[in-house]
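>>> no sequence for this one, just the structure:
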């Protein structure tokens with residue numbers, strides 16, 4: 001009797017949206033937005049749940065990427081991969097000054113993804129807390145753009161399946177467009 005009750009509690013509401021936002025890849029953000037809309041969650045609560053999922057992910061991911069770094073430094077192949085990530089971090093600096101690295105990491109996260117930015121941040125000469133704030137901020141700005149577009153889609157898409165597809169497509173196309181624009185600027 002308790003199992004159906006737990007399943008029912010997890011199938012809708014803020015906890016379900018939060019758990020979906022925790023999905024590392026795939027339709028996490030768009031699916032969470034669709035579920036939040038379907039469950040009638042306020043936009044503010046939906047955004048807070050996304051920010052909290054990023055904070056939880058950072059707490060879980062930081063020790064994992066440190067282990068990857070430690071293990072990677074032990075082998076020649078691992079050192080080469082880490083060196084490539086470090087090089088990627090050094091060429092992505094968009095501005096100088098005190099806020100140059102955090103701002104660059106923010107832009108890098110927005111243009112790539114949370115996980116790549118977290119690995120690249122290991123090679124940057126900055127405090128971990130500042131790095132995570134920049135990474136989370138970049139990811140949240142990406143989410144806010146998708147969320148705002150989703151609200152616009154919702155006004156003329158009544159079917160949740162179409163709403164999901166439109167949100168997912170927008171979430172995949174915007175980062176690709178940003179990467180292309182940043183790549184053109186760099187060359």
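Looks like it came in fine. The structure displayed is predicted, hence computed values, not measured ones.
>>> Please enumerate the helices of the protein.
Under the criterion DSSP state H, helices of the chain are mapped to 2-10, 14-21, 28-39, 43-72, 76-91, 100-111, 114-121, 128-154, 160-186.
>>> Mind putting the ones you listed into JSON lines with mean neighbour count?
No exception for glycine: its C-beta is placed from N, CA and C like everyone else's. Formatted as JSON lines, the helices of the chain follow (neighbours: other Cβ atoms under 10 Å):
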{"stretch": "helix 2-10", "mean neighbour count": "9"}
{"stretch": "helix 14-21", "mean neighbour count": "19"}
{"stretch": "helix 28-39", "mean neighbour count": "22"}
{"stretch": "helix 43-72", "mean neighbour count": "16"}
{"stretch": "helix 76-91", "mean neighbour count": "13"}
{"stretch": "helix 100-111", "mean neighbour count": "22"}
{"stretch": "helix 114-121", "mean neighbour count": "21"}
{"stretch": "helix 128-154", "mean neighbour count": "19"}
{"stretch": "helix 160-186", "mean neighbour count": "14"}
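>>> Throw those into CSV and include mean pLDDT, thanks.
Formatted as CSV, the helices of the chain follow (pLDDT from 0 to 100):
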stretch, mean pLDDT
helix 2-10, 45
helix 14-21, 90
helix 28-39, 82
helix 43-72, 91
helix 76-91, 76
helix 100-111, 84
helix 114-121, 86
helix 128-154, 87
helix 160-186, 67
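>>> gap between residue 52 and residue 177?
Separation of residue 52 from residue 177 (Cβ to Cβ, to the nearest Å) stands at 28 Å.
>>> And residue 29, by the same measure?
17 Å.
>>> now do residue 54
Counting by Cβ to Cβ - residue 54 and residue 177 are separated by 22 Å.
>>> before we move on, what about residue 169?
Residue 169 is 12 Å from residue 177, by Cβ to Cβ.
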